[in-house]
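Student: What follows is a predicted protein model with its sequence.
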Amino acid sequence: MTIPFSMNMKHLLLVLALFLSGCDLLGSDEDSFSKAGTVLVANGGNFSDQNGYITSIDLSEGSVTHHADLGGFLQGVVSLDNTFFALVNTFSEGRVDVLNGDVLSLEQQFTPVLAPRYAAQSGGVLYVTNFVWEQPGFVTPITLATGEIGPSIQVGMTPEGIANVADKMIVANAGSLGSGSVLSIFLPGELESRSVDIGCDGPRDLFVISDTELAVVCTGKTVYNDDWTQVLEQTMGEVVFFDARSESVTGRVSLDQQASSTNGTQTGFYSKDTKEVFITLSSSEEIVVVNTEAMNVSSVIQVPETDGLIGLSGIAYDAGRDQLIIGRFPTSSGGAFPDFTSAGTVQLLNRAGIVFDSFVAGASISSITLR
């Protein structure tokens, strides 16, 4: 039987109406995912000049604000409950600056905190990882209410990321050039840690993906000869899934390159909305996307070549806008390597690797945080 033309038209109009109003009737991924209001860029600065500072970018207005010089190398900015902690490495005593989440005004300073790298909170105590050259590092506990700096907890070589999961503090010990392979574990309030070897080279960034589980980004390892003129061994990066309750590895995802950033700072970002870890491969200017539920590489995004820019340093992902936010270094006038003294650039791109906006930040971008 032939359906009357008028019936087809009614059906078509209904379909069009549903399509056009789909956001209201059916909802949309964009509506269900959170959008960032402001991007906070930690500009490390040139270490010898001690001139790091924060650049904030209002995504809705496209406006850029460069904040005050912090008088040190800005390792990164950690966001906890609308309070921001700026980790500042200086020639002598490092420190942690507590910034108001609305206007980024200075509320409090904690010092000395030697070479702060990353921070995590348990109750009212902030635990900060600290780097010591060619010696085991440690963690500094800071009571936020009083500013009291407690006795340090010794951990492994070159401690980087730290996380609070399953009521335990867990530290990634990267080791020199990725030579580490262990996590340090201690309970809040304890003064001694113990080690668990997770069998990967250079555990660096930790992301809490459930009440008990971590995704650990391992950079891979590089071994040089005595005069640093030849690479003797090199291993690739890896993502290791670690259950903090049983303290066991539950899965692994191999990368075909080393996970890296241009200046050895932030190498990944975890999106709670999409259950993905975004990892920078600075040498090839690629971003690897790891699905934490399927435990596999879901895609690789090639960052397009841009005149005057090189490498990748700092990364975030805005799920509500479905856009990546990455830091790039300026290319040196002396050749195809990064310039650590001139202003870097923040690029916004989609999953197809198409850049649709960019903003000038500061020198030596080290991390990107969303507010």
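Tutor: The structure has been received and is ready for your questions. Residues are numbered from 1 along each chain as shown.
Student: residue ranges of the strands in the stretch 1-150 of the chain, please?
Tutor: 38-43, 53-58, 63-66, 73-80, 83-89, 95-100, 106-110, 116-122, 125-130, 136-143 (DSSP state E, counting those that start in this stretch).
Student: Who are the packing partners of the fifth one?
Tutor: Going back to what we said before, that points to strand 83-89. strand 73-80, strand 95-100, strand 116-122 (3 or more Cβ pairs under 8 Å, 6 or more residues apart in numbering; DSSP states H and E). (Glycine included, C-beta is placed from N, CA and C.)
Student: So which bits of the shortest one are buried?
Tutor: Going by neighbour count (16 or more other Cβ atoms under 10 Å), the buried part of strand 95-100 is Arg95, Val96, Asp97, Val98, Leu99.
Student: just checking, the last one touches Thr83?
Tutor: Yes. With contact defined as Cβ atoms under 8 Å, Leu99 and Thr83 form a contacting pair (7.2 Å).
Student: which neighbours do these two share?
Tutor: By Cβ atoms under 8 Å, 6 or more residues apart in numbering, Leu99 and Thr83 have these common neighbours: Glu107.
Student: Mind listing what's buried along stretch 103-118?
Tutor: Leu104, Phe110, Thr111, Val113, Leu114, Ala115, Pro116, Arg117, Tyr118.
Student: ok, the third one - contacts?
Tutor: If I follow you right, that is Thr111. Contacts of Thr111 (Cβ under 8 Å, 6+ apart): Glu93, Gly94, Arg95, Val96.
Student: Could you rerun that using 7 Å?
Tutor: Contacts of Thr111 were listed using Cβ atoms under 7 Å, 6 or more residues apart in numbering, and they are Glu93, Arg95.
Student: Sketch out the low-pLDDT regions of the stretch 51-200 of the chain for me.
Tutor: By pLDDT under 70, the stretch 51-200 of the chain has no low-scoring segment.
Student: Try it again at 90.
Tutor: Applying pLDDT under 90 to the stretch 51-200 of the chain flags residues 80-83, 91-93, 100-104, 133-134.
Student: returning to that earlier point: ok, which of the strands of the stretch 1-150 of the chain comes nearest Gly327?
Tutor: Among the strands of the stretch 1-150 of the chain, strand 38-43 comes nearest to Gly327, with 6.7 Å by Cβ to Cβ.
Student: which residues are contacting that closest one?
Tutor: With Cβ under 7 Å, 6+ apart, strand 38-43 has contacts from 52-59, 74, 76-77, 84, 314, 316, 325, 327, 346, 361-371.
Student: Can you tell me the strand partners of it and which way each runs?
Tutor: strand 53-58 (antiparallel), strand 365-370 (antiparallel) (DSSP bridges).
Student: Would you format the helices and strands packed on strand 83-89 as CSV with distance to Ile287 included?
Tutor: Shown next, in CSV, are the helices and strands packed on strand 83-89 (distance: least, Cβ to Cβ, whole Å):
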stretch, distance to Ile287
strand 73-80, 19
strand 95-100, 28
strand 116-122, 21
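Student: Select, out of these, the one closest to Glu148.
Tutor: Short answer: strand 95-100, nearest of these by Cβ to Cβ, at 13.0 Å.
Student: same for that closest one, what does it pack against?
Tutor: Where contact means 3 or more Cβ pairs under 7 Å, 6 or more residues apart in numbering; DSSP states H and E, strand 95-100 is packed against strand 83-89, strand 106-110.
Student: now the angle from that strand to strand 125-130?
Tutor: The directions of strand 95-100 and strand 125-130 differ by 140 degrees, with axes from the mean of the first three to the mean of the last three Cα atoms, to 10 degrees as the criterion.
Student: could the strands of the stretch 1-150 of the chain go into TSV alongside distance to Leu281?
Tutor: Shown next, in TSV, are the strands of the stretch 1-150 of the chain (distance: least, Cβ to Cβ, whole Å):
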stretch	distance to Leu281
strand 38-43	20
strand 53-58	24
strand 63-66	27
strand 73-80	19
strand 83-89	24
strand 95-100	30
strand 106-110	34
strand 116-122	21
strand 125-130	24
strand 136-143	26
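Student: what's the closest of those strands to Asn173?
Tutor: Among those, the nearest to Asn173 by Cβ to Cβ is strand 136-143 (7.3 Å).
Student: which other residues reach that closest one?
Tutor: Counting by Cβ under 7 Å, 6+ apart, 96, 110, 113, 124-131, 149-150, 152-159, 162, 171 sit against strand 136-143.
Student: 8 Å instead?
Tutor: Here strand 136-143 has contacts from 96, 110, 113-114, 116, 124-132, 148-159, 162, 169, 171, 173, 184, 186, 193, using Cβ under 8 Å, 6+ apart.
Student: Helices of the stretch 101-250 of the chain, residue ranges please.
Tutor: Under the criterion DSSP state H, counting those that start in this stretch, the stretch 101-250 of the chain carries no helices.
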